[in-house]
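# Take a look and give me a structure for this.
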Amino acid sequence: MLGVSSRNDSGAGNVVWTGTNYLAGWQTGNNTGFYSLVDTAGNLLGTHPVEGAAANDSTAVSVAANGTSLAVAWTAGNPPVIYLSILNLAGGLSGTVTISTSMNGNPTLYAAAGTPGGYVVLWSHDSATFATYVPALNGQPGAPQTFVADANHTPGSAKGSTDGVGAAFAIQYTGSVAFGYLNGNLKNPFELVTMAPSSGLFNIGGGTGGRLGVFYSQGGSSYGVQAGYPSLAGAACSANSNCASGKCKAVVATGPKAYSTCQ
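Below you'll find the predicted structure:
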């Protein structure tokens, strides 16, 4: 269920490991969104258009997995609306929910990430960033719950992953990379902290035990750091704990948990 990473640049693809196969999502040049399952031998197991693609109005596609189901997020319509479809592990559609309603000013979809019980979609509207949690127990979508991730800024881009407990996002804001996290059981609000000032985002990859890898560029060099929440209790990591270098730095985040990075 780990290794979930997603990207939704216009016209670009994104792929996640489902536990048995790969799920890929992409948007063609004529604004048609698709998703496919591919096995480990590279065999295509089926390609499907996202809902609304028949009208050639899908402007972004992002995929995610959580070990028991699959998810495809996309935008469609004019003005655009963001949707999330829950699929079974074979790629069959279980149900679709609306993430954002039609609104003045186009909403922007950035990334989706899995949690054990559902999915989180990161998106923005006007000057704010939002994270919407959709439960997906038994492979069926539940009622979406939206949290304010950042009331004053919108990202340039973002990528999502999971640490096996919650959904994590590496977010590119103007001049900095931030780390955002939403606990899968929703006991805590969306937490956001600046990770690297004056930097550019590369990617985020999933891990275990509340750990993920975040990769970015800064000052002409490339960096990869271990990041995340060590546990639901949120104690900051100690020296030599999950850090190969033994250099651990704790950072206070917005919310009750401590955020830490391993240098």
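
# For residue 80, the count of nearby residues, please.
21 (other CB atoms under 10 Å). No exception for glycine: its C-beta is placed from N, CA and C like everyone else's.

# where does the stretch 151-263 of the chain have low pLDDT?
By pLDDT under 70, the low-scoring segments of the stretch 151-263 of the chain are 184-188, 207-211, 226-263.

# Work out which residue lies at the spatial centre of this protein.
The geometric centre of the chain, computed from its C-alpha atoms, lies nearest to residue 160 (CA atoms, centre = their mean), at 2.6 Å.

# Which residue lies closest in space to that residue, excluding its sequence neighbours?
Spatial nearest neighbour of residue 160, chain neighbours left out: residue 113 (3.3 Å); criterion: CB to CB, 6 or more residues apart in numbering.

# Please name the residues that touch the one you found.
The contact partners of residue 113, taken as CB atoms under 8 Å, 6 or more residues apart in numbering, are 4, 6, 64, 119, 120, 122, 160, 161, 162, 167, 168, 169.

# One more: residue 46?
Contacts of residue 46 (CB under 8 Å, 6+ apart): 36, 37, 91.

# ok, now how distant is it from residue 156?
Residue 46 sits 33 Å away from residue 156, taking CB to CB, to the nearest Å as the criterion.

# Describe which strands the host helix or strand of residue 202 pairs with in its sheet and in which direction.
Element membership of residue 202, judged by DSSP states H and E, is strand 199-205. Strand 199-205 has its sheet partners listed here by DSSP bridges as strand 211-218 (antiparallel).

# Tell me where the stretch 101-250 of the chain has strands.
For the stretch 101-250 of the chain, applying DSSP state E, counting those that start in this stretch gives strands covering 108-115, 118-125, 128-135, 145-150, 157-162, 166-173, 176-183, 191-197, 199-205, 211-218, 221-228, 248-252.

# Identify, out of these, the most deeply packed stretch.
Mean neighbour count (mean count of other CB atoms under 10 Å) peaks for strand 108-115 among those, with a mean of 29.

# Dump that one to PDB, keeping only the CA atoms.
Taking C-alpha atoms only, strand 108-115 is exported to PDB below (Å, rounded to 0.1, in the frame of the first residue of the first chain):
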ATOM      1  CA  THR A 108      -7.200  23.800  -9.400                       C
ATOM      2  CA  LEU A 109      -6.500  20.100  -8.700                       C
ATOM      3  CA  TYR A 110      -2.900  19.300  -7.500                       C
ATOM      4  CA  ALA A 111      -2.600  15.800  -6.200                       C
ATOM      5  CA  ALA A 112      -4.400  12.900  -4.400                       C
ATOM      6  CA  ALA A 113      -3.000  10.500  -1.800                       C
ATOM      7  CA  GLY A 114      -4.200   7.400   0.000                       C
ATOM      8  CA  THR A 115      -4.800   6.700   3.600                       C
END
